[in-house]
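The sequence isn't on hand, but the structure is:
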C-alpha cells in the first residue's frame, strides 16, 4: 500500500525528507491525505517514521500519573463542595486541609501561611498588588523594586501599581541574565516596601541570587517576594521559602494540573485581600475551592521535592547531550549562563525564531521562543533584550526545555532535527 500521509501542526509529524537545498517540502497529493493520526501515534511519510518530541517543559508539563491518580476520585466519587457542612463537604474539606498540610511540609512553613490560587500569574498579582494596597497606600513606603526580566504578570502588576502612585524601580541584568546584588543596593532605600525578583528565569533558566537579594531587602526593612514558578523541579523550595516573605508557585510546571497555584505569605506580613465574595482561604480569596486541582497541586510539589536531585541530574544530562550534538553547527550560541537544569536558550545566526519554530514543529520537535503567556506578542523577548542582545539576535533565539519524561534518545534525535531545521531555515532566507 501507498504510505498514508497524515499529521498537522498539532499532530505527529514525519521527519522532513527534503534536504536543505531542496526548498519547500513537497505538497501531498489531495488523494493521499488522510485524517491526522491520534496523539502519540506514528505516521509514515515516504520512507521516514517519526515521533513527536516535546521540549517545551518550561511552558507546561504533562500531569504525572501518580498525581492524576490522587485527583481522579474528587471529580466524581468525592465531589463535595469543601464549604458544605454535610458529609460530602466535610470529606472534601479534609482533603483540602491535607493538601495544605503537605505543601506546608514541602516548603517548611506553617499551614496558615499557604494560600491556594489558580496559577502563578494570580499569585504574582496578589503579591504585588496586595503589598501596594496594604503598605504603599497606607504608609510612607512607596517604592517597589523588581527586575527587567520578570514574568509579565509581575511587570504588568508593577505597572498597574505605579499608575496608582507606587514608585516602581526596575533593576538591570548582566549578559548572563542575572540581577546583581550591587544594583539592588543602589536602588533600595528606607521607603522601599517590596523587592520582587524571580528565582529562576523562565526564558533562559538563569538562577537569581535570591538569598543575597533577600538579605539586602530585609536590611532596609523591605519585604522580599520571589516568583518561584520555574524553580519547583530543580531548586530547594524550603531554602527559598526560608528567605522570602512571599513566594509564588504553579503546579503545572512540575507535573501537576493547570489551574492550581500557591502563594506563601509569611506570618505577620500584611498584604491586601485578593477577592471578595466568600470565606475561602481564610477570607482572603473568595471562590469555590477547586478540590481536585488543590490535591494534585500538593501531590506534584511533594513528588518534585522528593525527586529533585535525581530529576535535576537527569535534566542536566539531557541538556549536555543536546548541546554537545548541536555544537558542531556554525553560528549557534547559548544565551546567558548560570542556568537551572533543563532550560537552555539558543541563538541561531541567520534565522528568525518564527521560521525555525515552524520548521521544528514540522519536524515533530516542540519548543518555543519564550514564555507561553507572551507567545502572541510580535515583539522580541524583553529578557534577551535586557541581556544586551540586538533585536535581530533576540528574534533568532529559541528556548529548549527538557522534562522528567524526556529520554537521552530524544535529546540526541532532537539535536539532529534542530541542526537540520537551522540549515533549512538559512537556505530559505538566502533564496
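Great, that's in hand. The shown structure was predicted, so the numbers you read here are calculated from the model rather than taken from an experiment.

so how far is residue 330 from residue 305?
For residue 305, the distance to residue 330 equals 42 Å [C-beta to C-beta, to the nearest Å]. C-beta here means a position set from N, CA and C on the backbone, and glycine is covered the same way.

scratch that, residue 183 is what I was asking about
With C-beta to C-beta as the criterion, residue 183 and residue 330 are 35 Å apart.

same thing with residue 195?
With C-beta to C-beta as the criterion, residue 195 and residue 330 are 42 Å apart.

now swap in residue 261 and tell me
If you go by C-beta to C-beta, the gap between residue 261 and residue 330 works out to 42 Å.

Neighbour count: those two, which is higher?
Counted by other C-beta atoms under 10 Å, residue 261 and residue 330 do not tie: residue 261 has more neighbours, with 26 against 11.

check contacts around that one.
116-123, 248-251, 297 (C-beta atoms under 8 Å, 6 or more residues apart in numbering).

any idea which of these is closest to residue 239?
Nearest to residue 239 among the contacts of residue 261 is residue 249, at 14.0 Å by C-beta to C-beta.

wait, what's in contact with the closest one?
Residue 249 neighbours (C-beta under 8 Å, 6+ apart): 120, 123, 228-229, 232, 237, 261-264, 301.

Tell me if I am right that it is in a strand.
Yes. Residue 249 forms part of a strand when assessed by DSSP: H, G, I helix; E, B strand; the rest coil.

Helices - which of the contacts of residue 249 land there?
Cross-referencing the contacts of residue 249 against helices under DSSP state H gives 120, 123, 237, 301.

re the thing from before, can you pick the most crowded of the contacts of residue 261?
Counting by other C-beta under 10 Å, top hit in the contacts of residue 261: residue 249 with 35 neighbours.

What residues are bridge-paired with that residue?
Taking DSSP bridges as the rule, residue 249 bridges to residue 262.

any idea how far it lies from residue 423?
Relative to residue 423, and taking C-beta to C-beta, residue 249 is found at 40 Å.

go on, residue 250?
37 Å.

if we can go back for a sec, among the contacts of residue 249, name the buried ones.
Neighbour-count burial (16 or more other C-beta atoms under 10 Å) applied to the contacts of residue 249 gives 120, 123, 228-229, 232, 237, 261-264, 301.

Turn these into TSV, columns for distance to residue 72 and pLDDT.
Below are the buried ones among the contacts of residue 249 laid out as TSV (distance: C-beta to C-beta, whole Å; pLDDT from 0 to 100):
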residue	distance to residue 72	pLDDT
120	24	96
123	25	96
228	28	98
229	25	97
232	22	93
237	26	97
261	21	96
262	21	97
263	26	97
264	27	98
301	18	97
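
Please name the nearest non-neighbouring residue to residue 425.
If the residues on either side of it in the chain are set aside, residue 425 comes closest to residue 351, at 4.1 Å by C-beta to C-beta, 6 or more residues apart in numbering.

give me every residue that touches the one you found.
So residue 351 contacts 396, 422, 425-426, 429 (C-beta under 8 Å, 6+ apart).

Tell me which stretches of the protein form helices.
65-71, 87-107, 120-131, 152-163, 181-187, 210-219, 237-243, 291-306, 308-326, 353-362, 382-386, 391-395, 408-429.

Can you report how many residues neighbour the closest residue in space to residue 132 that isn't next to it in sequence?
The shortest distance from residue 132 to any non-neighbouring residue, by C-beta to C-beta, 6+ apart, is to residue 161 (3.8 Å). Per other C-beta under 10 Å, the neighbour tally for residue 161 reads 23.

Spit out the contact partners of residue 161.
128-129, 132, 136, 144, 168.

Pick out whichever of the residues you listed sits closest to residue 94.
residue 129 (31.9 Å).

Hmm, residue 160 and the closest one touching each other?
Yes. The pair residue 129 / residue 160 is scored as a contact, 6.8 Å apart, by C-beta atoms under 8 Å.

Which one's more surrounded, the two?
Neighbour totals were compared for residue 129 and residue 160, and residue 129 leads with 20 against 15 (other C-beta under 10 Å).

residues touching that one, list them.
157, 160-161, 272.

For residue 323, give me its contacts.
Here residue 323 is in contact with 334, 344 (C-beta under 8 Å, 6+ apart).

10 Å instead?
332, 334, 344, 346, 400, 411, 415 (C-beta atoms under 10 Å, 6 or more residues apart in numbering).

can you check residue 83 too?
By C-beta under 10 Å, 6+ apart, the neighbours of residue 83 are 89, 92-93, 96, 278-280, 288-289.

For the buried ones among those, write the corresponding ChimeraX selection.
One line in ChimeraX is enough to select the buried ones among these; burial here means 16+ other C-beta under 10 Å:
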select :92,93,96,280,289
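
about what we covered before: any chance of the buried ones among the contacts of residue 249 in CSV, plus distance to residue 82?
Below are the buried ones among the contacts of residue 249 laid out as CSV (distance: C-beta to C-beta, whole Å):
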residue, distance to residue 82
120, 22
123, 20
228, 26
229, 25
232, 24
237, 25
261, 17
262, 16
263, 18
264, 20
301, 19
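
Tell me the one among the residues you listed nearest to residue 221.
residue 264 (20.4 Å).

distance of residue 332 from residue 60?
Taking C-beta to C-beta, one finds residue 332 at 26 Å from residue 60.

again, but for residue 282
29 Å.

These two - which one has more neighbours?
Ranked by neighbour count (other C-beta under 10 Å), residue 282 and residue 60 place residue 60 first, with 15 against 9.

burial of the closest residue in space to that one that isn't next to it in sequence, as a residue count?
Sequence neighbours aside, residue 252 is the residue nearest to residue 60 in space, at 5.0 Å (criterion: C-beta to C-beta, 6+ apart). When neighbours are counted by other C-beta under 10 Å, residue 252 registers 24.

ok, now the one 3 residues further on?
By the criterion of other C-beta under 10 Å, residue 255 has 28 neighbours.

now swap in the one 4 residues further on and tell me
Residues contacting residue 259 under the criterion other C-beta under 10 Å number 18.

before we move on, what about residue 138?
11.

for residue 152, same thing?
Neighbour tally, residue 152, other C-beta under 10 Å: 15.
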